[in-house]
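Undergrad: need a 3D model of the following:
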Amino acid sequence: MLTRSLLPGVTSDSCPPAIVCDARAAMRKARRRALWRDGVQVALLLAVDALFVRWPESRLPFAGRAQSLTLLSFMNAAIGAHVWLARTLPRWRARLVAATWSRSEREKFRRRV
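TA: Sure, this is the predicted structure:
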């Protein structure tokens with residue numbers, strides 16, 4: 001059965017949709033904010049790493065130097081994984097949602113992009 005998106009007799013040429021908000025500006029702002037946050041996080045990580053490398057006596061109060069360096073390497077890996085997953089998981093989730101769309105919905109979306 002054919003479904004219509006508009007009322008009978010109404011075409012999309014004579015009735016363009018009214019734009020309520022500009023999503024591009026909001027997305028650009030969110031991406032810029034996320035890039036800034038990731039940059040600050042990585043810069044702080046590099047500063048702590050530089051401190052540990054340049055000052056051999058640096059260690060955590062409850063651990064020795066070797067344990068402190070091991071914990072620091074685990075933290076580096078955890079922060080790196082967080083930065084990567086924060087970008088990858090939403091993309092994977094969007095693909096899962098898009099997989100539930102019908103073929104016509106997917107084609108309509110691909111034509112717009």
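Undergrad: quick one: the nearest residue in space to residue 83 that is not next to it in sequence and residue 82, what's the gap?
TA: Distances taken as CB to CB, 6 or more residues apart in numbering place residue 38 nearest to residue 83, at 5.3 Å, with adjacent residues excluded. The C-beta positions use only the backbone N, C-alpha and C, and glycine is treated the same way. Per CB to CB, to the nearest Å, residue 38 is found 9 Å from residue 82.
Undergrad: the two - which one has more neighbours?
TA: More neighbours surround residue 38 than the other of residue 38 and residue 82, with 16 against 11 (other CB atoms under 10 Å).
Undergrad: show me which positions of the helix or strand where the more buried one lies end up buried.
TA: Residue 38 belongs to helix 23-54 when elements are defined using DSSP states H and E. Within helix 23-54, the residues that qualify as buried by neighbour count (16 or more other CB atoms under 10 Å) are 38, 45, 52.
Undergrad: report pLDDT for the first one.
TA: Right, residue 38. Turning to residue 38, the model gives it a pLDDT of 86.
Undergrad: now it: how far from residue 72?
TA: Using CB to CB, one gets 19 Å for the distance from residue 38 to residue 72.
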